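Participant: Just need the structure, nothing else, for what follows:
(chains A and B)
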Amino acid sequence: MRHLFLLLAVLGLTACVTINIYFPAAAAEKVADKIIDEVWQIEKGKDSAKKPEANGSAAETSVPAHEKELAK
Amino acid sequence: MKITLLSFLRLLCLLMAAGIAHAQGNLEINTPVVAQLKGAMHARHTQLSPLLVSGALGLASDGTVQMHDANAVPLAQRQAAQGLIAAENADRIALYREIARANGKPEWEQEIRTTFAQRWIDKAPAGWWVQDARGNWTRK
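Facilitator: Purely as a prediction, here's the structure:
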């Protein structure tokens, strides 16, 4: 029983270390999308040209990002 | 002993969940260098855009822009286009490096670059030329 306990402890620690060095692919995609949108400004340009009411919501969602940058 | 083992397992599960949550959290991109690179790339995009639309430039599979069809650029403007490509790629590589550095993981640079490469290509509008992993160009 004690051996099992020890084995589990070692396994657990290994798992923790593995998880911490694991590349966060989903988070990376999220920041890539955010930066690409800002560099290209794809949707914003199209939305504001087609429907002005969508422009308001697009501008609102973009505000926190700018605020964060200003806060820094 | 059974109870101890159970509570230990429960603690382990919590620790692992916390680890996963941490690993899947947000990546830091709010640094002055990222902001400056984004600004420069956004400003340059107005010049790059017509070249991407005409097919002169394409989005490469390594997260850079590359000359796809030099003949689509008038000879007189070809050198300027090369200059734009070089400047854009320098900024892109600096951006990938800075994101990795800002998160204390310089070794992530290549994976960040691969992620961006895929997202540039996925988000590119129809008509732009993009490169697949084997180096073949296709028109979206």
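Participant: pLDDT at residue 5, what is it?
Facilitator: Going with chain A. Residue A:5 carries a pLDDT value of 69.
Participant: You answered for a different chain; I wanted chain B.
Facilitator: At residue B:5, pLDDT is 56.
Participant: Confirm for me that residue B:37 is in contact with residue B:96.
Facilitator: No - taking contacts as CB atoms under 8 Å, residue B:37 lies outside contact range of residue B:96: 9.8 Å. (Glycine included, C-beta is placed from N, CA and C.)
Participant: the strands in chain B, which residues?
Facilitator: B:57-59, B:65-67, B:129-131, B:137-139 (DSSP state E).
Participant: Direction included, what does the second one pair against?
Facilitator: Each strand paired with strand B:65-67, and its direction, by DSSP bridges: strand B:57-59 (antiparallel).
Participant: what does the last one give?
Facilitator: Sheet pairing here is set by DSSP bridges, and for strand B:137-139 it gives strand B:129-131 (antiparallel).
Participant: Report the distance from the strand it pairs with to the chain centre.
Facilitator: The chain centre lies 15 Å from the centre of strand B:129-131; the measure is CA atoms, centre = their mean, to the nearest Å.
Participant: Equivalent analysis for stretch B:33-53, please.
Facilitator: Relative to its chain's centre, stretch B:33-53 lies at 13 Å (CA atoms, centre = their mean).
Participant: what mean pLDDT would you report for it?
Facilitator: Averaging pLDDT along stretch B:33-53 gives 97.
Participant: Show me which positions of it end up buried.
Facilitator: Of all the residues in stretch B:33-53, those buried under the rule 16 or more other CB atoms under 10 Å in any protein chain shown are B:34, B:37, B:38, B:40, B:41, B:44, B:48, B:51, B:52.
Participant: how about the second one, what does it touch?
Facilitator: In this structure, residue B:37 makes contact with B:91, B:94, B:95, B:98, judged by CB atoms under 8 Å, 6 or more residues apart in numbering or on different chains.
Participant: what's around the residue lying closest to it once chain neighbours are set aside, how many residues?
Facilitator: Nearest residue to residue B:37 in three dimensions, chain neighbours excluded: residue B:95, at 4.7 Å (CB to CB, 6 or more residues apart in numbering or on different chains). Other residues near residue B:95 come to 25 when the count uses other CB atoms under 10 Å in any protein chain shown.
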